[in-house]
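# predicted structure and sequence below. I'll ask about it afterward.
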Amino acid sequence: MEFYKVQSIDEINSELILLLIERFKQNEVPRLQNLYQYYLGNSKIKSRPSVDATKPNNKIAHPIGNMITQSVIGFFLGKPISYSSDNDDFIMKVQDIYDKAHEQSHNVKIGKQLSIYGLGYELIYMNELNEVRLAVLNVEECFMIYDNSVEQNPLMAVRFYDVQNYLEDTVETFVELYSATSVQFLKIVDDELKLQEESPHYFGEIPIIQFFNNEDASGDYEKVLDLIDNFDQCISDNANDIELFADSYLVLSGMSGTDSEDINEMKMRRVMLLEEGGSAQWLTKSSANQGIEQHIDRLRQNIHQMSCIPNFADEKFSTAQSASALRYHLFGLETICSIKERYMELALEKRLKLVTNILNILGGNYNSTDIVMSFQRNIPTDYTLITDMVSKLHGIVSDKTLLSQISFIDDVNYELQLLKEQNQDSLYSTSDFTVTNPNDSTTVNDNTVV
């Protein structure tokens, strides 16, 4: 992936924007489109030409990219990201914004982009009701422009897209430029950018956030594309050999007088009368089935190994006796998810900062760093082990930290509030609890010894 850099924002003009859009279309879009086709299962084998029309040409593609992406997303984001803070008012307002914006499902969409393309884009905007909303942008229509500093600070986000005019049968291209203070809406007319509208925004920074999957901005299955192609080819060629075997020739020796009528009668009666010295046998191509199966198994193993995605059909997963043993088999997947988490956390912190800026404009006085986010893997949990750990650490570690270790608790602050209300209700019910002696009219308080 290429990073577009300039010395300062003053160098960004219409000519540069148009140049970078064309550069992005030529250099980046083909790669992104190819990765998406592998996600759909449309791998290289689908375009294999037929050399001989008389021979089978199977094109069996396996949606391995889809399998890898779904496995990673399910493990990494199958359980929602949780947020906690000592500032109850702040966390409640942020959580309310996130809930209305369907932040949990939105994160899964971003995770899908990261797994397929290696990067993703999110737009934070205000709707007609002045409510904060989140949108996932098409990675084939977005790029960032950075400065040349060691920090590579983003100077502007560019979004371009085509709109089909069905009445006039034409295609119009629109461009949106997002800076730290405003959004410019433009249209490409005669190879020039024409400004249509400019609107301010109040997020304080560029409202488009770029997510990275890893340092290389590569997809989860991008490095195993050649293995996928070879796997598809082997399976397809093996299917061709099976069809060729079914279309084998019957060789009749010493039966030169046999005609088509005799052959048809033989097929119907399923009886063959051979003359003395005559013979019948199939003419087939010898097949090294064992070697082919070994090669296919090796390819399958390499795909799982190189992508760090375990083969869940493997016997070791069904025989794992504990969550700890299961985690051992998932070590490779956990490793890549740990890297994904670090990079996604950076982008989520930026999102939180933009939301905090809006809350401060509305009268708040909050600091985005007061909120801590927590990722949890979607893996069968040994609750007995966790309960034992929480019990032993009670009084040594804060209740908030302990509750954050329990996977089925999404909102730690809300759980603490429920626990506080429960304790208060229990206290009130204990102090007000009375017993009436049925034998007399004496009313006994629960604290009275009778």
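Sure, I can see it.
# buried residues in stretch 401-416?
Residues of stretch 401-416 classed as buried: Leu402, Leu403, Ser404, Ile406, Ser407, Asp410, Asp411, Val412, Asn413, Glu415, Leu416 (neighbour count, 16 or more other Cβ atoms under 10 Å). Every C-beta, even on glycine, is put in place using the N, C-alpha and C of the backbone.
# reformat those residues as CSV; add distance to Ile68, pLDDT and secondary structure.
Listed next are those as CSV, based on distance: Cβ to Cβ, whole Å; pLDDT from 0 to 100; DSSP: H, G, I helix; E, B strand; the rest coil:
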residue, distance to Ile68, pLDDT, secondary structure
Leu402, 35, 82, helix
Leu403, 33, 82, helix
Ser404, 30, 79, helix
Ile406, 30, 78, coil
Ser407, 24, 70, coil
Asp410, 27, 71, coil
Asp411, 31, 76, coil
Val412, 32, 79, helix
Asn413, 35, 79, helix
Glu415, 34, 82, helix
Leu416, 38, 83, helix
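# what's the closest of those residues to Asn66?
Ser407 (26.5 Å; Cβ to Cβ).
# quick check: phi and psi at the closest one.
phi -70, psi -30 (degrees, to the nearest 10).
# residue nearest the centroid of this structure?
Nearest to the mean C-alpha position of the chain, counting by Cα atoms, centre = their mean, stands Lys112 at 2.4 Å.
# include distance to Tyr98 when you put the buried residues of stretch 401-416 into TSV, please.
TSV is the format used below for the buried residues of stretch 401-416 (distance: Cβ to Cβ, whole Å):
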residue	distance to Tyr98
Leu402	24
Leu403	19
Ser404	17
Ile406	21
Ser407	19
Asp410	11
Asp411	11
Val412	15
Asn413	13
Glu415	17
Leu416	18
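# closest to Ile336 out of those?
Proximity of these to Ile336 (Cβ to Cβ) peaks at Ser407, which lies at 20.3 Å.
# show me where the chain has its helices.
Along the chain, the segments classed as helices by DSSP state H run 14-27, 29-40, 64-77, 88-100, 103-117, 225-246, 260-269, 289-307, 315-318, 323-329, 331-361, 383-393, 399-404, 412-432.
# helices or strands next to the first one in the packing?
Contact partners of helix 14-27 among helices and strands, from 3 or more Cβ pairs under 8 Å, 6 or more residues apart in numbering; DSSP states H and E: strand 4-6, strand 142-147, strand 154-165, strand 170-178, strand 192-200.
# the same query, at a cut-off of 7 Å, please.
Counting contacts by 3 or more Cβ pairs under 7 Å, 6 or more residues apart in numbering; DSSP states H and E, helix 14-27 packs against strand 154-165, strand 192-200.
# next, the buried residues of that helix.
Ile17, Leu18, Leu20, Ile21, Phe24.
# tell me which residues are up against it.
Glu2, Tyr4, Phe143, Val158, Phe160, Val175, Glu192, Leu193 (Cβ atoms under 7 Å, 6 or more residues apart in numbering).
# which one is the fifth one nearest to, not counting chain neighbours?
So that's Phe160. Spatially, and ignoring its direct neighbours in sequence, Phe160 is nearest to Val175 (4.7 Å; Cβ to Cβ, 6 or more residues apart in numbering).
# how close does Pro49 get to Phe160?
35 Å (Cβ to Cβ, to the nearest Å).
# what about the two, which has more around it?
Taking neighbours as other Cβ atoms under 10 Å, Pro49 and Phe160 compare with Phe160 leading, 22 against 5.
# wait, what's in contact with that one?
Ile21, Glu141, Thr173, Phe174, Val175.
# again, but for Ile81
Here Ile81 is in contact with Asn107, Met373, Ser374, Phe375 (criterion: Cβ under 7 Å, 6+ apart).
# name only those of those that count as buried.
If we count by 16+ other Cβ under 10 Å, the contacts of Ile81 have these buried: Asn107, Phe375.
# of the contacts of Ile81, closest to Asn302?
Nearest to Asn302 among the contacts of Ile81, with distances taken as Cβ to Cβ, is Phe375, at 28.9 Å.
# residues contacting that closest one?
Per Cβ under 7 Å, 6+ apart, neighbours of Phe375: Ile81, Glu341.
# could you redo the last one with a cut-off of 10 Å?
76-77, 79-82, 337-338, 340-342, 344-345, 348 (Cβ atoms under 10 Å, 6 or more residues apart in numbering).
# just Tyr98 next, same as before
Residues near Tyr98 by Cβ under 10 Å, 6+ apart: Pro80, Ile81, Tyr83, Gln104, His106, Asn107, Val132, Leu134, Arg351, Leu352, Val355.
# as a markdown table, those with distance to Leu362 and pLDDT would be great.
As requested, the contacts of Tyr98 are exported to a markdown table (distance: Cβ to Cβ, whole Å; pLDDT from 0 to 100):
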| residue | distance to Leu362 | pLDDT |
| --- | --- | --- |
| Pro80 | 26 | 93 |
| Ile81 | 24 | 94 |
| Tyr83 | 19 | 92 |
| Gln104 | 24 | 96 |
| His106 | 22 | 97 |
| Asn107 | 24 | 98 |
| Val132 | 10 | 96 |
| Leu134 | 18 | 97 |
| Arg351 | 17 | 98 |
| Leu352 | 16 | 98 |
| Val355 | 11 | 98 |
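# redo these as a markdown table? Include distance to Val29.
Conversion of those to a markdown table gives the following (distance: Cβ to Cβ, whole Å):
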| residue | distance to Val29 |
| --- | --- |
| Pro80 | 32 |
| Ile81 | 30 |
| Tyr83 | 35 |
| Gln104 | 30 |
| His106 | 24 |
| Asn107 | 25 |
| Val132 | 30 |
| Leu134 | 24 |
| Arg351 | 26 |
| Leu352 | 31 |
| Val355 | 31 |
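# give me the buried subset of the residues you listed.
Buried among the contacts of Tyr98 by 16+ other Cβ under 10 Å: Pro80, Ile81, Tyr83, His106, Asn107, Val132, Leu134, Arg351, Leu352, Val355.
# all set now, cheers.
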